[in-house]
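Peer 1: give the three-dimensional model of this entry:
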Amino acid sequence: MKMIKVTTAEQFRELTASAGITVAVFKADWCGDCKFIDPFMPEVEEQYKDRLTLIQIDVDELEEISQEQRIMGIPSFVAYGDGRELVRFVNKLRKSRSEIEDFLNKAVAVYGTLKAQS
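Peer 2: Model prediction:
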């Protein structure tokens, strides 16, 4: 499964408003820490494919969305559930595979809690 590359603000809004969990990965071609996660992200995506959808946003191509979402450093991850922001992993530090997996597990747990309360 290949991460969906978002190319328009409308597409971003549609995907993050859809049912279930959508995790936006904000990155850029010039970002060394973004390139660091590239080799293992396909495996991570495969591991979580039944629980969430990962989408990719280039902060330079969709600057409007990056500003709107208050993305200050990359790579950054923001999880949305049924159109609402659930949790975010936003800072300018390099992210390890285990940190990303911990974040995705947290997003799934928060979404499950919200669904149980509704």
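
Peer 1: burial check on the residue nearest to Ile100 when sequence neighbours are not counted, number of neighbours?
Peer 2: Nearest residue to Ile100, sequence neighbours excluded (C-beta to C-beta, 6 or more residues apart in numbering): Val44, at 6.1 Å. For every residue, glycine as well, the C-beta is placed using N, CA and C. By other C-beta atoms under 10 Å, 16 other residues sit near Val44.

Peer 1: ok, now which ones touch Val44?
Peer 2: Going by C-beta atoms under 8 Å, 6 or more residues apart in numbering, Val44 touches Arg97, Ile100, Glu101, Leu104.

Peer 1: buried stuff in the helix or strand where it lies?
Peer 2: Per DSSP states H and E: Val44 is located in helix 41-48. Residues Met41, Val44, Glu45, Tyr48 are the ones in helix 41-48 that count as buried (16 or more other C-beta atoms under 10 Å).

Peer 1: residues contacting the nearest residue to the third one once chain neighbours are set aside?
Peer 2: Pointing back at Glu45 there. In this structure, Glu45 finds its nearest non-sequential neighbour in Leu54, 5.2 Å apart by C-beta to C-beta, 6+ apart. Residues near Leu54 by C-beta under 8 Å, 6+ apart: Met3, Ile4, Thr22, Val23, Val25, Met41, Glu45, Tyr48.

Peer 1: ok, so of the residues you listed, who is nearest Cys34?
Peer 2: Of all the contacts of Leu54, Cys34 sits closest to Val25, with 8.6 Å by C-beta to C-beta.

Peer 1: assign the spatially most central residue of the chain to helix, strand or coil.
Peer 2: The centre of the chain sits closest to Ala24, judged by C-alpha atoms, centre = their mean, with a distance of 2.5 Å. Recorded secondary structure, Ala24: strand (DSSP: H, G, I helix; E, B strand; the rest coil).
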